[in-house]
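1. model this:
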Amino acid sequence: MNLIKEKIHNPAIETEESETVAEKMQQEIDKMQHRFQVLIRESTDVFGIIKPDGTITYISDAVERVMGYTPEEGLGRKIFEFYQGEQLERIKALLQEVLADPSRKVQAEIPFRAKSGKDIILKVHIQNLVHDPAIEGIVINFRDITERIKELQKIEYLATHDDLTGLPNRTYFHKKLEQFCQEYGGKKTFALMLLDIDGFQYVNNALGYQFGDRLLKETAQRLQAYLSNEQFLCHYTGDSFALIMHEEGAIKEYQNKARDILDLFSRPFVLEQYQLHITASIGMTVYPKDGLEPEVLWKNANISLMRAKKEGKNKYNIYSADNNIQSYKSFQLRNDLPHAVEKGQLSFLYQPVVNLKTNEIVGVDALLKWNHPNWGVVPAKEFISIAEETGFIVSLGKWMLEEVCRTYKQWQKDGLPPTKVGLDVSGVHFYESNFAETVLSIIQKHKLDPSFLVMEMDESTLIGNAEKVRTDILTLRSRGIEVALDNFGTGFSSLANLSTYPIDILKIDSLFIRNIAKDRTCTVIVNAILDMARELQIKAVAQGIENWEQLSLLKNLNCYAGQGYLYGKPLTASEFTHILAKKKCRPVRPKNTDFDFEDLEKQRREFFRIKFLQFLEADMTVLEIKGKKVNVGNTKVLIKNIGPGGLCFISNIKLPVAKDFILLFKTNLLSKELKLIGCPVWAEETESNLYVYGIEFICDEKFRSQLIHDLHTIQIKMKNKSLFSEGSFVTTSPAVYFKHLGN
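-> Model (predicted):
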């Protein structure tokens, strides 16, 4: 026991044990220091300590691997010596931040030129530890992020550039357009141009997509070679390119540029053995004259592009507030058409083709319509050309055939009598290498006999690609499908077509039928067509029979069959089943197509009307659609009459009848400008392909009282002088007026 006590209280033993513990602690410290040194030495990050004045007091060995400088080359020198220009100012600013607020930790990505001359990007972290006794300085950490930045840039490039042409894509374009609008602030000018390659889809369908792609690449190269680096060019989509050009000077400079760009297409594109003569159309809008917002400029450029195409292609058009409502409508239809199928907006109406002598239904025409959310029911003639230009016609054509097959299959299941179904076919389809095979494949999928189908095409389809069209027609006819030549008599190659192509049915254009009872020339032409059809053993169908007089004349001329409103308006598939089940369709006595619009209007108004002896010319603008302000168009219309509650006008544009479609009319009456706002409440189509609308005014009672006063003044003047002329009156008929307007 005493020995134990001596051992416990022996100072020598205690000293020895303390030294042992101290040695172990030192070993641990040395081990940790060595580990830290190894980590610092092997790290790809550069660690350094600098004084508040920027003098480097410590720098890790990694500086040589990352920046190319040895630690010795850095020690004692100021960090600012290794930077210059903008990067120097940035590193100074970061140091000032941490000196001003020691609690802050700052970081930034700063380009750096290594000793070798290589440019790298460093992620810099800076922290103020001047008051830490172990550091007594500002800790700075550099990490080389060059490769990561390159990868991110590559990903960004792929997301914002077109893989085919290498040009910026539509995503990049919209960002750039927004950037231009913000930077220019309404003080400087730039032009936005949209360029479409005319007829691009014919190249794709006739030669294949590989040739279409090569055409796009060469177009991009020609545009890039012409434009300077300051101009922005993007491949927007398909056959469309967008350009942002900023030129000093007047709009004339932009016009010169547009002409130069169109001239780039005057030289043919040589793709292997093919020489392609291609044209383009350009729509242009100028900032800030035409708008300050990117969305407005984009809309205006598209409207101008539609106008350029309508003017005959190979043209440019500069946006103007006078651009008409039809151009704006075409722009919206062009934008919305690719989504119309998936949104369930497209459907068919069915109209009987009737044996004129027996009233038997010998066929049915499937008529495509588009129930557009803003423009109401849009007939196919308004949007098929857009589908052809954009290439949407290929997928649309397949959907149309699928839909007709589904309907006919359902009619079979319902036990309805068999009939022929006519479906319009675009000429673009015949440029598809496997068009006939696709048609037969879709019909086979629905387990139908192909002989139920009549493929209807107009004469323009037969003008180009003749051998391919003939081959496809023969293939389809070999399976029982009949071919009808639509709108016969208006084309320039009608007789040649009959000798070249195997045609089963001639559909006489409604233009001749409409005037058959009024114009002897039309009667002679129709009679000649019918005689020729009989000799060639081709069935003839008269289109657009609207009244009994036309029907009587056609019967006397021994016309085989006909169709038109005299036999009823087109119906939905379910509605049409009742007619098809009867197997016959008798003509009905319609109201007189030359109806008095005044009688119709009397039932629809509460106020008196002033009926003008001449038509009053006015400018019409669309103010709102479904609550959204659009303020587009400056389209000419003719006003028939005006009352305190509304007006009646004639237009060549099909407008929706809707309370939320707000229109502005500006005209001159009683030697002063008159502005009237209202919405369409009824519409009628005339024989001249014009539209008559009834407008209900949107106004307060103060305005209405003033209008009543003015109308009473006009009434008095009209009594005193039969031909009242104090206004913008025109002397021509609506048909002549709008025809002249179109030219």
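
2. any weak-confidence spans in the stretch 101-250 of the chain?
-> For the stretch 101-250 of the chain, the stretches with pLDDT under 70 are 248-249.

3. what ranges do the helices span in the stretch 351-500 of the chain?
-> Ranges of helices in the stretch 351-500 of the chain, per DSSP state H, counting those that start in this stretch, are 380-390, 393-413, 435-445, 466-478, 494-500.

4. model confidence over the third one, on average?
-> Just to be clear, that refers to helix 435-445. Helix 435-445 shows a mean pLDDT of 96.

5. swap in the second one?
-> Helix 393-413 shows a mean pLDDT of 96 in the predicted model.

6. Give me the angle between that helix and helix 435-445.
-> Counting by axes from the mean of the first three to the mean of the last three Cα atoms, to 10 degrees, helix 393-413 lies at 30 degrees to helix 435-445.

7. quick one on the thing from earlier: to K672, which of the helices of the stretch 351-500 of the chain lies closest?
-> Among these, helix 380-390 comes nearest to K672, with 36.7 Å by Cβ to Cβ. Glycine gets a C-beta too; all of them are placed from N, C-alpha and C.

8. Could you tell me the angle between that closest one and helix 393-413?
-> 130 degrees.

9. so what's N668 up against?
-> 674, 727-728 (Cβ atoms under 8 Å, 6 or more residues apart in numbering).

10. Tell me which other helices or strands the helix or strand hosting E575 touches.
-> Element membership of E575 [criterion: DSSP states H and E] is helix 573-582. Helices and strands touching helix 573-582, by 3 or more Cβ pairs under 8 Å, 6 or more residues apart in numbering; DSSP states H and E, are strand 346-355, strand 361-372, helix 393-413.

11. Rebuild these as JSON lines, extending it with distance to S510.
-> Shown next, in JSON lines, are these (distance: least, Cβ to Cβ, whole Å):
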{"stretch": "strand 346-355", "distance to S510": "12"}
{"stretch": "strand 361-372", "distance to S510": "12"}
{"stretch": "helix 393-413", "distance to S510": "22"}
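
12. nearest to Y565, of these?
-> strand 346-355 (8.9 Å).

13. List the buried residues for that closest one?
-> 346, 348-355 (16 or more other Cβ atoms under 10 Å).

14. Please apply the same query to stretch 735-743.
-> For stretch 735-743, by 16+ other Cβ under 10 Å, it's 737-738.

15. could you dump that stretch to PDB, C-alpha only?
-> C-alpha atoms of stretch 735-743 as PDB (Å, rounded to 0.1, in the frame of the first residue of the first chain):
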ATOM      1  CA  ALA A 735     -69.200  44.400-105.900                       C
ATOM      2  CA  VAL A 736     -67.300  46.900-108.100                       C
ATOM      3  CA  TYR A 737     -66.000  48.900-105.100                       C
ATOM      4  CA  PHE A 738     -64.500  45.900-103.300                       C
ATOM      5  CA  LYS A 739     -63.100  44.400-106.600                       C
ATOM      6  CA  HIS A 740     -61.300  47.700-107.200                       C
ATOM      7  CA  LEU A 741     -60.200  47.800-103.600                       C
ATOM      8  CA  GLY A 742     -58.600  44.300-104.000                       C
ATOM      9  CA  ASN A 743     -56.700  45.400-107.000                       C
END
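
16. related to what we said a few turns ago, tell me the mean pLDDT for the helix holding E575?
-> 94.

17. Report the angle between it and strand 346-355.
-> 20 degrees.

18. pLDDT at the residue nearest the centre of the chain, what is it?
-> In the chain, the residue lying closest to the centroid (Cα atoms, centre = their mean) is N335, at 2.8 Å. Note on N335: pLDDT of 88.

19. contacting residues for it?
-> N302.

20. Tell me the secondary structure of it, please.
-> Classification of N335 using DSSP: H, G, I helix; E, B strand; the rest coil returns helix.

21. The helix holding E575: which residues count as buried?
-> So for helix 573-582, counting by 16+ other Cβ under 10 Å, buried means 573, 576-577, 579-580.

22. so who does K654 touch?
-> 375-376, 378-379, 382, 685, 691.

23. Confirm it sits in a strand?
-> No. Checked against three-state DSSP, K654 lies outside a strand; its state is coil.

24. how's this protein carved up into domains?
-> Split into domains by automatic domain parsing, the chain comes to 2-32, 43-150, 161-323, 349-367+407-582, 599-742.

25. Could you name the helices and strands sitting against whichever strand or helix holds S705?
-> Per DSSP H and E, S705 falls inside helix 701-720. When contacts are defined as 3+ Cβ pairs under 8 Å, 6+ apart, helix 701-720 packs onto strand 610-625.

26. Which strands border whichever helix or strand comes after the strand it packs on, and is each parallel or antiparallel?
-> Moving toward the C-terminus from strand 610-625, the next helix or strand (DSSP H and E) is strand 628-642. In the sheet, strand 628-642 lines up against strand 610-625 (antiparallel), strand 646-651 (antiparallel) (DSSP bridges).

27. Format the helices of the stretch 351-500 of the chain as JSON lines; extra columns: mean neighbour count and distance to L557.
-> Output for the helices of the stretch 351-500 of the chain, formatted as JSON lines (neighbours: other Cβ atoms under 10 Å; distance: least, Cβ to Cβ, whole Å):
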{"stretch": "helix 380-390", "mean neighbour count": "19", "distance to L557": "27"}
{"stretch": "helix 393-413", "mean neighbour count": "18", "distance to L557": "31"}
{"stretch": "helix 435-445", "mean neighbour count": "18", "distance to L557": "34"}
{"stretch": "helix 466-478", "mean neighbour count": "16", "distance to L557": "28"}
{"stretch": "helix 494-500", "mean neighbour count": "14", "distance to L557": "18"}
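
28. Could you say which one of those helices comes nearest to S552?
-> The nearest among the helices of the stretch 351-500 of the chain, by Cβ to Cβ, is helix 494-500 at 26.0 Å.

29. residues in contact with the closest one?
-> Contacts of helix 494-500 (Cβ under 8 Å, 6+ apart): 459, 462, 466, 470, 485, 488, 491, 503, 532, 536, 538.
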